[in-house]
Each structure stands twice: as structure tokens, then as C-alpha cells.
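1. fold the following for me, if possible:
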Amino acid sequence: MIDPNKINLSELPKKLCDGAIGAFGKEYFSFVLTSGNNLDSYAATPKIMKSVSVWMSAQIQNYEKQFGEIDMTPSPIQSPIQMADLKKPEDNK
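-> Here you go, the predicted model:
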């Protein structure tokens, strides 16, 4: 088992996680973390998943104490082509 006290997080390679999906059954949780078109799939026992949840909740609380509440308003989805980019037929004259 890896000793968490001997890990230097700043030296580990990182991916930007831009999404997560998952499901659960009686025996395990399964989830996928997405980074662009890459998927990393995981499975965890309920006990491990709950410990991750408790740790994440504490991290978020500490973050919000320091930086303010995280805005969870969904961002509008931006298409690469916006309606404003499309010319009307009469604009081509």
C-alpha cells in the first residue's frame, strides 16, 4: 500500500477532470472521470467510496472558506458556430 505521507502531490502528473459519470450496485460503485475524450474507469467498495466522499466534502468546505462559495450555475453550452455568426441572405447583397 502507498504511504500517503510520502507522496508529493506537486510532482505527480495531472489531467484536468472535466466530468464524471457513474453507477452503483450492492457490491461496488463504478464511475468514470473524463478528461476531454479520455476516460478513466474506476470501481470502489461502498466503504471506500464513502471515505472519498467524506474527504471531498471536507476539501470543498475548506476551499469555500478560503475562496468563497463555488457557483454551481450551469454554464451555457457554446456551439463553435453561433447564430450571430450566420449571415442572413439579405446581408450578402
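2. how about the helices in the chain?
-> With helices called from DSSP state H, the chain shows them at 46-67.
3. end to end on stretch 26-40, go ahead and measure it.
-> Terminal residues of stretch 26-40 are spaced 22 Å apart (CA to CA, to the nearest Å).
4. who are the contact partners of residue 8?
-> For residue 8, the contact set (CB atoms under 8 Å, 6 or more residues apart in numbering) is empty. Quick note: C-beta positions are derived from backbone N, CA and C, even for glycine.
5. can you check the pLDDT for it?
-> Residue 8 is assigned a predicted lDDT (pLDDT) of 89.
6. what's the distance between it and residue 61?
-> The gap separating residue 8 from residue 61 is 24 Å, by CB to CB, to the nearest Å.
7. same check on residue 69?
-> To residue 61, residue 69 is 11 Å away according to CB to CB.
8. residue 6 now?
-> Plainly put, residue 6 is 26 Å away from residue 61 if you go by CB to CB.
9. between these two, tell me which one has more neighbours.
-> Legend: neighbour count by other CB atoms under 10 Å for residue 6 and residue 61, higher for residue 61 (10 against 6).
10. which stretches of the chain form strands?
-> Applying DSSP state E to the chain gives strands spanning 19-24, 29-35, 38-44.
11. return the most buried member of those.
-> Across these, averaging neighbours per residue (mean count of other CB atoms under 10 Å) puts strand 29-35 on top, at a mean of 15.
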